[in-house]
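Asker: Give me coordinates for this.
(chains A, B and C)
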Amino acid sequence: MSLLRVSDLRVRYGAIQAVRGISFQVEEGECVTILGANGAGKSSTLRAVAGLHRPSGGSVTFGSQVVTGEPAHRIARSGISLVPEGRQVFGTLTIRENLELGGYVQSASANGEALERVLGIFPAFRQRLGALAGTLSGGEQQMLALGRALMTRPRLLMMDEPSLGLAPIVANQIFGILTEIVGSGIAVLLVEQNVHRALQVASRGYVLELGEVVLEGTAASLLADDHVRLAYLGHGMGEAE
Amino acid sequence: MSLQELLQQIANGLVVGSVYGLIALGYTMVYGIVRLINFAQGGLYEVGAYLGVFFFTLMGKFGLQYPIPAVLITLVISMTLTGALAFVVERVAYRPLRNAPLLAPLVSSLAMFFLLISVVQVVTGAEPLTYPSVLSPAPLHLGPIVLSPTSLIIFFAAILLMVGMQQFVRRTKVGKAMRATAANREAAALMGINTTRIVSLTFVLGGAMGAAAGILYGVNYGTVTYDMGEFGGLVAFTAAVMGGIGNVPGALVGGLTVGVLSSFASTFLPNQWNEAIVFAILILILAIRPQGILGERVAERA
Amino acid sequence: MSLRSCPRVLAALSAAAVVAAAAATVSLSATVAAASSPFVIGFANPLTGSEATYGVSDEHAVNMAASQINKAGGIDGHKVKIDACDTQATPAIGVACADSFVSDHVNAVVGFFNSSISIPASGILHKADIPMVSAASTNPTLTEQGFKNVFRVCGTDNYQGAVEADFAYKILKVRRVVALNDEETYGQGVASFFGQSFKKLGGKVVEDEGIDADATDFTSVLTQIKSISPSVQLIEFGGFNPAAGLLIKQARGLGITVPFISDDGVIGPLYYQTGGQSTVGTYLSSSPTPQNLAQGKDAIPAAKTFLQQYVKQFGQPTEYAGYSYEAVEVIANAAKTEHSIAANKVIAGLAATHNYRGTTGIVDFNSIGNNITPQYLIYKVQPGGGNKAYWNPNAKSKS
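Answerer: As a prediction, the model looks like this:
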């Protein structure tokens, strides 16, 4: 049984139908990416799964639980963690407080362990736990948001545009950490503009256009697909690398 | 003005200002979480004061013999009930409108304010009610400053409550969740925080602080009037804006500042000018330093 | 609907009143006609509603005065007849009473209780040339309208300030005072007259300030007073509660220990409730009650008699019952001295009333119809909140 099963998901913002009945799965420990142009419905899909926006139709099943339309905090507690677009760290709180809030639903001791583990992944934060998150650079904020999400000990980590607005070198660091996370057995659902990077980390992918899945397959098959190469990778593979 | 008078005017201002600060805490906490100026706060302050009179009077002789425990019991009961009322206010006047344009909940909170005040007026009549005088009126001399024991207790109680609330918000898990919700409600929900409940809790705590202010005010002056929520609410709102609305320590700073300023103002102008002065201060802050004295502690980067 | 029908109901009521009054006059003239026509005194007071306690007590006093005069042979053979009218403490209804007195051709009027009614009603009686003696309306305006027919046996708000000044200067022997007022007609009047009288006596008003009656925090103004306190020996306040109670409480809290004096807008339970212990030992000026007038070494003999007779028939009288009794007596006295019940003669007799000794002390009308003998006592607040008569300005006992 798949870890996350989304079927016929529909999302509507007022009169606009952002997602028009898409279905996809993420298996335990698997990294899956959703590709697509701006406005294709990628972020809407993640937000609907995370419970930030109530779907207008379809169902979301996580493990054996149907979580469709549950409020965000319940879904977070069930083991799905979203690193939202634009990082959304708590700027007026310290790094430590941001991380501790990630472990909000855990006991204090579990939170302490989780904090040690996350600081192991992001050692740079150890010396700066008292700094306000709002004073960090964009890349650091992205790392903090990721660390905060890991504090919840998710079974499924969803990331929305983690490299957006970051310098390539910083983006590379983030993707390095993401690869480690996938390696540690946490399932990842990734939405990313940089299709090439995304398909390097992910094992499978779905291509969304105007709120519908137009293509799905393994990373390798998508990389080889003419439509993908033309629409999302520029003219060819040579260009992107 | 002699130095002694100067110090005395400051002391008077601090006593009044501490009460304003407590009310302002309610405005600022709610604003911090939902970006709403909850005008009902002035009404909750008044309702709290009246519940206080009711329960204090109910204790009768016990209250006169053991004033301090009696005031504490009154505080707890009245803060609880007013907190519950604030919970209802949130449910009725704010929650159904949380996705509406900002003006809608603003107007409904204003309506709530008038409703609360009118209910107090209808239930009690327009006559002022009095708190039994429990403490000796003999003044205490603190160097050049003279204060009644009651004002001194009121001042420290108000400061204690405000500092306590700040520590609660700063240190406890729930307090952190409140700050997270204030900073970014969606992100807070993603951490598993039930933000709806946090919003409710914030209204409840704000209302309870308002009630505490009402009781302390009542005990200090001995009188509560059905229109006390109007002036008190206005001054406290000014205090909240002055300290930097949304900023919890700012409520204390703003309250004390407004208290001292209006104390000085009424030495130079007849005290009928009080409301005009408070409004003038409000307009000045909005024009010169809209973020208030403390303002936002850090510019949030999106 | 109810609003629109209101004037019609009123008209019907007053018509009924006129008919009833006419019938009464007719039946009366039928029985006593042979001797001489009665001397009708219109009496207007709140006989129903929240102020009825006062009004009814005054009515008893007025009836008592009439029957005593009649027992002693009336006014040169004219029996005194009381024509009572209920004002309900409402100006519109009170004015209707005045109209009915005019159509009844009463010889004189005792009333009206409330200044807010006495003032408009006095205009109607003035046009009809009917003498009017008020027993309880203390607003200065009543006698300042240039109406020759209007008198009052009670004091005025102004005199009250003068009594306070006398007390402060002569009894407390203070020379430098602060006068505060709540910037409302009544309080301002008392405080400013207090200041004027105090200055006339040779004292100094160091500060004279208005405060906001709706405010609750007066510490600023009190701190100012305190800063000049070595030279301030007394604080006077003209106004009402709760401002007075709050003022004294906060003054004592700031360590201001000088005497405090206020007025009969303040006297009452709310003063002690708001001010608590701090009010004990403060002074309040107020019209004397019949009980006060009959007590102590300064007791007025006529007041003693009045109180005994009243208590025997009706129980304890309220504050203005003695004045109501006095008003009837003064009118009868005027008619007797002029040997006429003609309105203009009665007015002339009233204007000539000097040094008349009655139940409330001495009645001495000045040119505008005020009783120049101040009708106020100084009370001192006792532990527990009771008020004790402390000083009587009319008592000649030297202090």
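
Asker: and the closest residue to chain C within chain A, which of the three is it?
Answerer: With C-beta to the nearest C-beta as the measure, A:Thr92 is the residue of chain A nearest to chain C, at 35.1 Å. All C-beta spots, glycine's among them, are computed from the backbone N, C-alpha and C. Put simply, A:Thr92 is coil when judged by DSSP: H, G, I helix; E, B strand; the rest coil.

Asker: Does it touch B:Ala183 like I think?
Answerer: Yes - A:Thr92 is in contact with B:Ala183 according to C-beta atoms under 8 Å; the separation is 5.0 Å.

Asker: Tell me the secondary structure at the spatially most central residue of chain A.
Answerer: Central residue of chain A (C-alpha atoms, centre = their mean): A:Met159, 1.5 Å from the mean position. Look at A:Met159: counting by three-state DSSP, its state is strand.

Asker: what's across from it in the sheet?
Answerer: Counting by DSSP bridges, A:Met159 is bridged to A:Val83, A:Leu190.

Asker: Next up, the contacts around it.
Answerer: A:82-83, A:146, A:178, A:188-192 (C-beta atoms under 8 Å, 6 or more residues apart in numbering or on different chains).

Asker: Among those, find the lowest-pLDDT one for me.
Answerer: Within the contacts of A:Met159, pLDDT reaches its minimum at A:Glu192, with 90.

Asker: Can you lay out the contacts of A:Met159 as a markdown table showing neighbour count?
Answerer: Rendered in a markdown table, the data for these read as follows (neighbours: other C-beta atoms under 10 Å in any protein chain shown):
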| residue | neighbour count |
| --- | --- |
| A:Leu82 | 29 |
| A:Val83 | 26 |
| A:Leu146 | 24 |
| A:Leu178 | 24 |
| A:Val188 | 22 |
| A:Leu189 | 26 |
| A:Leu190 | 27 |
| A:Val191 | 22 |
| A:Glu192 | 25 |
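
Asker: what are the ranges of the helices in the chain?
Answerer: You didn't say which chain, so I picked chain A. A:42-50, A:72-78, A:95-102, A:108-121, A:138-151, A:168-183, A:195-201, A:219-224, A:226-231, A:237-240 (DSSP state H).

Asker: that's the other chain; I wanted chain C
Answerer: Using DSSP H, helices in chain C cover C:2-32, C:52-71, C:91-104, C:115-127, C:157-166, C:185-201, C:219-227, C:243-253, C:269-275, C:290-293, C:301-314, C:321-338, C:343-351.

Asker: any weak-confidence spans in the chain?
Answerer: Using chain A here. Within chain A, the ranges that satisfy pLDDT under 70 run A:234-241.

Asker: Chain C is the one I meant
Answerer: C:1-35, C:50, C:229, C:374, C:395-399.

Asker: Could you tell me which residues of it lie near chain B?
Answerer: C:183, C:209-212, C:214-221, C:223-224, C:226-227, C:241-242, C:245-246, C:249-250, C:252-255, C:270, C:273-278 (C-beta under 8 Å from any C-beta of the partner chain).

Asker: and these, which are buried?
Answerer: C:183, C:210-212, C:214-221, C:223-224, C:226-227, C:241-242, C:245-246, C:249-250, C:252-255, C:270, C:273-278 (16 or more other C-beta atoms under 10 Å in any protein chain shown).

Asker: Next, the contact list for residue 192, please.
Answerer: Because you didn't say which chain, this covers chain A. Applying C-beta under 8 Å, 6+ apart, the residues near A:Glu192 are A:33, A:35, A:159, A:161-163, A:198.

Asker: that answer is for a different chain, and I need it for chain C
Answerer: C:161, C:179, C:181, C:208, C:238.

Asker: from those residues, which two are the most distant?
Answerer: C:Gly161 and C:Asp208 (12.2 Å; C-beta to C-beta).

Asker: More neighbours: which of these two?
Answerer: Using other C-beta atoms under 10 Å in any protein chain shown, the more surrounded residue of C:Gly161 and C:Asp208 is C:Gly161, with 28 against 15.

Asker: wouldn't the more buried one be in contact with C:Gly238 here?
Answerer: Yes - with contacts counted by C-beta under 8 Å, C:Gly161 reaches C:Gly238, the gap being 7.0 Å.

Asker: Against chain B, how distant is C:Pro383?
Answerer: 13 Å (C-beta to the nearest C-beta, to the nearest Å).

Asker: That residue - how many residues pack around it?
Answerer: 10.

Asker: Make TSV from the helices of chain A and add distance to C:Ile130 to it.
Answerer: As requested, those are exported to TSV (distance: least, C-beta to C-beta, whole Å):
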stretch	distance to C:Ile130
helix A:42-50	88
helix A:72-78	83
helix A:95-102	86
helix A:108-121	91
helix A:138-151	91
helix A:168-183	101
helix A:195-201	105
helix A:219-224	111
helix A:226-231	106
helix A:237-240	112
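
Asker: TSV for these, including distance to chain C?
Answerer: Conversion of the helices of chain A to TSV gives the following (distance: least, C-beta to the nearest C-beta, whole Å):
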stretch	distance to chain C
helix A:42-50	52
helix A:72-78	45
helix A:95-102	40
helix A:108-121	46
helix A:138-151	48
helix A:168-183	58
helix A:195-201	66
helix A:219-224	73
helix A:226-231	72
helix A:237-240	73
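
Asker: List the contacts of the residue of the stretch 101-250 of chain C found nearest chain A.
Answerer: Taking C-beta to the nearest C-beta, chain A has its nearest neighbour within the stretch 101-250 of chain C at C:Asp217, 35.1 Å off. By C-beta under 8 Å, 6+ apart, the contact list for C:Asp217 reads B:12, B:16, B:221, C:250.

Asker: and the third one, what does it touch?
Answerer: Yep, that's B:Tyr221 we're talking about. C:216-217, C:246, C:249-250.
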